[in-house]
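[1] sequence? don't have it. structure:
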């Protein structure tokens with residue numbers, strides 16, 4: 001009897017062991033199945049790439065024409081770069097460089113390479129000069145002189161304008177591949193005509209030959225004169241389309257969205273000597289437009 005009892009006990013024990021080994025869940029109550037599962041490592045969040053556009057560049061180079069040189073803003077027939085919208089030191093204008101760099105760094109961290117009378121064909125050379133300074137930001141305001149010719153027939157063809165602007169960006173990228181570029185639109189020359197023609201002084205000065213394609217015979221409202229002004233206006237619009245489209249192909253370039261073209265200059269913002277170039281107040285408005293666009297997140 002004792003032998004049979006031991007046999008039955010051994011069979012029961014072996015059966016229990018086999019059942020336990022084949023079960024999906026463990027037989028030991030102290031170790032739940034959840035504890036035996038392999039834990040997955042926590043995933044680290046993917047870091048966001050740094051933005052290409054820096055809203056607070058630490059140096060500024062300005063290229064362009066007489067507007068950036070602040071021609072006729074302080075005295076007749078003279079540049080006045082201290083009141084330039086881009087790099088000037090005059091606190092009443094509060095230039096772009098003053099806003100971005102502060103007064104202590106404007107002299108050493110900004111460069112005005114613009115030239116009064118320059119047209120787009122000169123921009124590649126100016127851009128090469130800007131690249132040599134390794135600036136973090138380059139401002140471009142160029143194109144008004146391409147439209148302001150003695151007659152509309154002498155205006156720069158749109159294709160040539162595009163080729164020069166593309167070449168200018170290529171020259172910049174060769175020497176300063178990470179420099180940011182702010183591109184201002186060409187001002188609305190027809191609006192300047194409509195504003196200045198109301199001034200007897202403006203009418204007299206314009207007779208000296210300022211921007212003849214638009215401002216010649218400023219009081220003539222006949223169909224021929226109106227067609228001439230419309231032709232110049234259309235060319236300016238085409239230039240701005242080129243600036244917008246070429247800039248859009250460069251990840252570090254910002255066009256102003258037509259802000260300068262759309263700004264309604266009045267008598268306070270125009271030079272009292274030629275009723276065409278920006279006055280100190282006009283320069284301040286240009287600086288404000290640029291700063292707003294450059295610092296937009």
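    Received, thanks. This one's a predicted model, so the numbers in the text were calculated from it and none came from an experiment.

[2] what's around the nearest residue in space to residue 250 that is not next to it in sequence, how many residues?
    Nearest residue to residue 250, sequence neighbours excluded (Cβ to Cβ, 6 or more residues apart in numbering): residue 169, at 6.0 Å. Placement of C-beta: from N, CA and C, glycine included. Residues lying near residue 169 (other Cβ atoms under 10 Å) number 22.

[3] quick check: mean pLDDT of the helix or strand where residue 169 lies?
    Assigned by DSSP states H and E, residue 169 belongs to helix 158-175. In this model, helix 158-175 has a mean pLDDT of 98.

[4] helix or strand right after that helix?
    strand 180-183.

[5] centroid-nearest residue for this protein?
    residue 254 (2.3 Å; Cα atoms, centre = their mean).

[6] if we can go back for a sec, dump the residue contacts of the residue nearest to residue 250.
    By Cβ atoms under 8 Å, 6 or more residues apart in numbering, the contact set of residue 169 is 127, 181, 246, 250, 253.

[7] please verify my assumption that the first one contacts residue 168.
    Just to be clear, that refers to residue 127. Yes: counting by Cβ atoms under 8 Å, residue 127 touches residue 168, with 4.4 Å between them.

[8] hang on, the earlier thing: would TSV of the contacts of residue 169 with secondary structure and distance to residue 269 be doable?
    As requested, the contacts of residue 169 are exported to TSV (DSSP: H, G, I helix; E, B strand; the rest coil; distance: Cβ to Cβ, whole Å):
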residue	secondary structure	distance to residue 269
127	helix	28
181	strand	25
246	helix	28
250	coil	30
253	strand	27
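
[9] which of these ranks first by neighbour count?
    Busiest of those [other Cβ under 10 Å] is residue 127, holding 28 neighbours.

[10] pLDDT value on that one, please?
    98.

[11] run the chain-centre distance for the helix or strand the residue nearest to the centre of the chain falls within.
    Using DSSP H and E, residue 254 sits within strand 253-255. Distance, stretch centre to chain centre, for strand 253-255: 3 Å (Cα atoms, centre = their mean, to the nearest Å).

[12] list the buried residues of the following helix or strand past it.
    For strand 253-255, the following helix or strand on the C-terminal side (DSSP H and E) is helix 259-262. Residues of helix 259-262 classed as buried: 259, 260, 261 (neighbour count, 16 or more other Cβ atoms under 10 Å).

[13] again, but for stretch 100-116
    The neighbour-count check on stretch 100-116 (16+ other Cβ under 10 Å) flags 100, 101, 106, 109, 110, 111, 112, 113, 114, 115, 116 as buried.

[14] which residues of the stretch 51-200 of the chain fall in helices?
    96-101, 106-109, 123-132, 144-147, 158-175, 189-196, 200-206 (DSSP state H, counting those that start in this stretch).

[15] need the ones you listed in CSV (columns: distance to residue 296).
    Converted to CSV, these look like this (distance: least, Cβ to Cβ, whole Å):
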stretch, distance to residue 296
helix 96-101, 13
helix 106-109, 22
helix 123-132, 22
helix 144-147, 25
helix 158-175, 21
helix 189-196, 25
helix 200-206, 35
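
[16] for residue 284, find the nearest of those.
    helix 96-101 (10.6 Å; Cβ to Cβ).

[17] who's in contact with the closest one?
    If you take Cβ under 8 Å, 6+ apart as the criterion, helix 96-101 is touched by 56-60, 85-89, 91, 106, 109-110, 137, 139, 287, 290-291, 294.

[18] of the contacts of residue 169, closest to residue 213?
    For the contacts of residue 169, the nearest to residue 213 is residue 246 (23.5 Å; Cβ to Cβ).

[19] contact partners for that closest one?
    With Cβ under 8 Å, 6+ apart, residue 246 has these contacts: 162, 165, 166, 169.

[20] now those as CSV including distance to residue 78?
    Output for the contacts of residue 246, formatted as CSV (distance: Cβ to Cβ, whole Å):
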residue, distance to residue 78
162, 33
165, 28
166, 33
169, 31
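
[21] ok, of those, which come out buried?
    Of those, these count as buried by 16+ other Cβ under 10 Å: 162, 165, 169.

[22] stretch 144-153: end-to-end distance?
    Length of stretch 144-153, first residue to last, Cα to Cα, to the nearest Å: 15 Å.

[23] how far out from the middle of the chain is it?
    Chain-centre distance of stretch 144-153: 26 Å, with Cα atoms, centre = their mean.
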